[in-house]
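In: Please work out how this folds:
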Amino acid sequence: MSKKTLRTIESLAKNQFVSPADIVELEQVAEHFSVAITPQMQRLIDKSNPNDPIAKQFIPDVKELIHASNENPDPIGDAVHTKIKGIVHRYPDRCLFMPVHVCPVYCRFCFRKEKVGMSEQTLTPTEIDAAFSYIAEHKEIWEVILTGGDPFILKPAILKKLLQRLSAIKHVEIIRIHSRVPMVDSLRINDSMISALKCAKPVYVMIHANHPTEFTPEAVEACARLVDAGIPLLSQTVLLKDINDNIETLSQLMRCFVKNRIKPYYLHHGDLALGTGHFRTSIEKGQELAKQLRRFSGLCQPTYVLDIPGGHGKSPIHASYISVDEKSNCYQVEDYQGKSHCYK
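Out: Residues are numbered from 1 along each chain as shown. Predicted structure coming up:
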């Protein structure tokens, strides 16, 4: 098992994560989409299991070369709302701030897989100043969401400066950070990183995890460090075919979040990113799973959302639990067991 992050098809083959027979085609995948698997994730992969849920998320697959006609290099329309480099201002009261486009791991289903891993996308000091000027000039921005790329891949001292500068903008009241790091490269959440997160404004961290297996002892400790430091944690999960699209896995994952003091927040329907068709379920499948989750604690309920292609934002897409019954002049409301009840 490698002690280093694996970043090439050659290194994956050397460590027996991919078949030598697939190297030529996988090199084509790597030409288009970045590759990286941390040692922490490598240790979780069961090489004897062709359906290993961790391998499916991070090891390149020749299926990524199959691009459906409805797939798009920019599936959620970031470009439409990019005001200046590094700032996506889609919703009135909040914006995305993307100082880096580098991650510790590269998810094969990522909706930004066309951009992540590209060093030229990382902001220069001048571009960072321009991003802060944009935020300062737009007083409607109440919340800034640090994403990218993974903000926790930054050195703590650099992240601290970014948070301090955001805190100094009066109308910015909330800072949110989206990250995979606590789950995939947990040792980065050290004392220096915790110290960097302490600033004058509330900081929320959105933890991305898709399978209960990701809750290693290191990940549990990293999340505990964040919560114990007073940082609220929320979750986001992508609904992935043959990885978490069954109620046993999904409910266990939500319980893992809650047990580790992470509030389930989003369950994303798979975006139409290039070469990701083998990951997407039907919306009907997602709606049924969201209904089945109603059997579990209210703490375990994420919002099932679709990021509408074209840049129109996220919308909840749960199946409706209520309908109008005109004959009996009442609403028909479905309970968690699927039974219908009349509400006058």
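
In: Ala13 is in contact with Glu27, correct?
Out: No: between Glu27 and Ala13 there is no contact under C-beta atoms under 8 Å: 10.0 Å. Using the backbone N, CA and C atoms, a C-beta is placed for each residue, glycine as well.

In: hey, what's the residue most central in space within the chain bridged with?
Out: For the chain, the residue sitting closest to the mean C-alpha position, by C-alpha atoms, centre = their mean, is His208 at 4.5 Å. On the basis of DSSP bridges, His208 is bridged to Gln236.

In: swap in Lys314?
Out: Beta bridges link Lys314 to Asp307, judged by DSSP bridges.

In: Verify the stated contact: it with Ile308.
Out: Yes: using C-beta under 8 Å, Lys314 is in contact with Ile308, at 7.4 Å.

In: follow-up on the earlier one: higher neighbour count, Glu27 and Ala13?
Out: Ala13 (17 against 13; other C-beta atoms under 10 Å).

In: pLDDT of the helix or strand where that one lies, averaged?
Out: Ala13 is part of helix 9-14, with elements assigned from DSSP states H and E. Helix 9-14 carries an average pLDDT of 96.

In: What is the neighbour count of the closest residue to Ser328 other than its chain neighbours?
Out: Excluding its sequence neighbours, the residue lying closest to Ser328 (C-beta to C-beta, 6 or more residues apart in numbering) is Cys342, at 6.0 Å. Neighbour count for Cys342, taken as other C-beta under 10 Å: 11.

In: Now that we're looking at Cys342, what pLDDT does it have?
Out: Per-residue pLDDT puts Cys342 at 94.

In: can you confirm it is in a strand?
Out: Yes: membership of Cys342 in a strand is supported by DSSP: H, G, I helix; E, B strand; the rest coil.

In: residue contacts, it?
Out: By C-beta atoms under 8 Å, 6 or more residues apart in numbering, the contact set of Cys342 is 325, 328, 330-333.

In: With respect to pLDDT, which of those residues ranks lowest?
Out: For those, the pLDDT minimum is Ser328, 87.

In: what separates it from Gly298, distance-wise?
Out: Per C-beta to C-beta, to the nearest Å, Ser328 is found 29 Å from Gly298.

In: For the stretch 101-250 of the chain, give me the ranges with low pLDDT.
Out: Along the stretch 101-250 of the chain, the model assigns pLDDT under 70 to no residue.

In: domain assignment for the chain?
Out: 9-65, 79-323 (automatic domain parsing).

In: How about the secondary structure of Gln57?
Out: What three-state DSSP gives for Gln57 is helix.

In: can you map out the helices along the stretch 201-344 of the chain?
Out: Secondary structure of the stretch 201-344 of the chain (DSSP state H, counting those that start in this stretch): helices at 217-228, 247-259, 283-293.

In: List the buried residues of the second one.
Out: If you call a residue buried by 16 or more other C-beta atoms under 10 Å, then helix 247-259 has these buried ones: 249-258.

In: between Ser328 and Gly298, which one's more packed in?
Out: For Ser328 versus Gly298, the count of surrounding residues by other C-beta under 10 Å is larger for Ser328: 10 against 7.

In: Could I get the full set of strands for the stretch 151-300 of the chain?
Out: Under the criterion DSSP state E, counting those that start in this stretch, strands of the stretch 151-300 of the chain are mapped to 174-179, 203-208, 233-238, 262-268.

In: Restrict stretch 109-125 to CA atoms and write it as PDB.
Out: Backbone C-alpha positions of stretch 109-125 (Å, rounded to 0.1, in the frame of the first residue of the first chain) are rendered in PDB as follows:
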ATOM      1  CA  PHE A 109     -18.500  11.900 -10.500                       C
ATOM      2  CA  CYS A 110     -17.500  15.500  -9.700                       C
ATOM      3  CA  PHE A 111     -19.500  18.200 -11.400                       C
ATOM      4  CA  ARG A 112     -16.400  20.300 -11.700                       C
ATOM      5  CA  LYS A 113     -14.200  17.500 -12.900                       C
ATOM      6  CA  GLU A 114     -13.300  19.500 -16.000                       C
ATOM      7  CA  LYS A 115     -11.600  22.100 -13.800                       C
ATOM      8  CA  VAL A 116     -10.400  20.600 -10.600                       C
ATOM      9  CA  GLY A 117      -6.700  19.800 -10.500                       C
ATOM     10  CA  MET A 118      -5.800  22.500 -13.000                       C
ATOM     11  CA  SER A 119      -3.200  24.800 -11.400                       C
ATOM     12  CA  GLU A 120      -4.100  27.700 -13.700                       C
ATOM     13  CA  GLN A 121      -7.500  27.900 -12.000                       C
ATOM     14  CA  THR A 122      -6.000  28.700  -8.600                       C
ATOM     15  CA  LEU A 123      -6.300  32.400  -7.900                       C
ATOM     16  CA  THR A 124      -3.200  34.700  -7.900                       C
ATOM     17  CA  PRO A 125      -2.900  37.300  -5.100                       C
END
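
In: ok, Gln42 touching Leu6?
Out: Yes: between Gln42 and Leu6 there is a contact at 6.8 Å, judged by C-beta under 8 Å.

In: what do these two both touch?
Out: With C-beta under 8 Å, 6+ apart, Gln42 and Leu6 have common neighbours 15, 17.

In: Which residue, neighbours along the chain excluded, lies closest to Lys241?
Out: Once flanking residues are discounted, Lys241 sits nearest to Thr281: 5.1 Å by C-beta to C-beta, 6+ apart.

In: what's the neighbour count on that neighbour?
Out: Here the number of neighbours of Thr281 (other C-beta under 10 Å) works out to 19.
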